[in-house]
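Visitor: fold the following.
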Amino acid sequence: MSGTAHKGDDEADDRVFKALAAPVRRRMLDALKESPRTTGELCSLFPDLDRTTVLQHLRVLEQAELVTGRKVGRERHLSLAPLPIKRIHDRWIGDYARAAVDLLDRLDRG
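Guide: Residues are numbered from 1 along each chain as shown. Reported below is the predicted structural model:
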C-alpha cells in the first residue's frame, strides 16, 4: 500500500464510498461526466424521482466533494469533481490491481 492513511482521509473516502453506493447517484455522476448541467436539467434526467429526492442525492454527492455547484443568476450549475474518485483509485484500486498482477506473474513463473 502507498503510505499510511490518516483519519481525515478515511472519513473522506467513507463519504465517497457512501455516495457511490447508490445507483441513482452513480447515474447522476455519469450525467455530469458527459457535461455540466443545471440543477433543473439534472432533475429532468430523473423523471421517476421528485425534485426533493434528486436534491437529497445531490447533497450526498456534494458532501463527498464529487460534485461542485456555482450560482449563475437564478440557476445553479453543477460539475463533476473527479479528484475524490482518483484518490479512491490511487489508494484502493491501483494498489490492489498491482498486487494481483504481481501474484499472477509469480504464479506463471511457478
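Visitor: contact partners for Ile88?
Guide: With CB atoms under 8 Å, 6 or more residues apart in numbering as the criterion, the residues that contact Ile88 are Asp13, Val16, Phe17. Just so you know, the C-beta spots here come from the backbone N, C-alpha and C atoms, and that holds for glycine as well.
Visitor: if you set the cut-off to 6 Å instead, what comes out?
Guide: Neighbouring residues of Ile88 by CB atoms under 6 Å, 6 or more residues apart in numbering: Val16.
Visitor: would you list the phi and psi of it?
Guide: phi -60, psi -40 (degrees, to the nearest 10).
Visitor: mind starting the numbering at 886 from now?
Guide: That works, and once the first residue is 886, the last one we named lands at Ile973.
Visitor: now Thr953: how far from Gly979?
Guide: Distance, Thr953 to Gly979, by CB to CB, to the nearest Å: 24 Å.
Visitor: then Pro967?
Guide: 15 Å.
Visitor: same question for Glu947.
Guide: The gap separating Glu947 from Gly979 is 26 Å, by CB to CB.
Visitor: which one of these two has more residues nearby?
Guide: Set Glu947 next to Gly979 and count neighbours by other CB atoms under 10 Å: Glu947 wins out with 16 against 13.
Visitor: packing partners for the lowest-mean-pLDDT helix or strand in the chain?
Guide: When each helix and strand of the chain is scored by mean pLDDT, DSSP states H and E, helix 979-994 comes last, with a mean of 79. Using 3 or more CB pairs under 6 Å, 6 or more residues apart in numbering; DSSP states H and E as the contact test, no helix or strand touches helix 979-994.
Visitor: quick check: buried residues in that helix?
Guide: By neighbour count with 16 or more other CB atoms under 10 Å, helix 979-994 contains no buried residues.
Visitor: how about the helices in the chain?
Guide: Remark: helices assigned in the chain by DSSP state H are 892-905, 908-919, 924-929, 936-948, 968-973, 979-994.
Visitor: export the fourth one to CSV, keeping only CA atoms.
Guide: Listed in CSV are the C-alpha atoms of helix 936-948, where the atom choice follows Å, rounded to 0.1, in the frame of the first residue of the first chain:
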residue,chain,number,x,y,z
ARG,A,936,-37.1,17.2,-7.1
THR,A,937,-36.6,16.9,-3.4
THR,A,938,-35.2,13.4,-3.8
VAL,A,939,-32.8,14.4,-6.5
LEU,A,940,-31.6,17.3,-4.3
GLN,A,941,-31.0,14.9,-1.4
HIS,A,942,-28.9,12.7,-3.6
LEU,A,943,-27.1,15.7,-4.9
ARG,A,944,-26.3,16.8,-1.3
VAL,A,945,-24.7,13.5,-0.6
LEU,A,946,-22.5,13.9,-3.8
GLU,A,947,-21.5,17.4,-2.7
GLN,A,948,-20.6,16.3,0.8
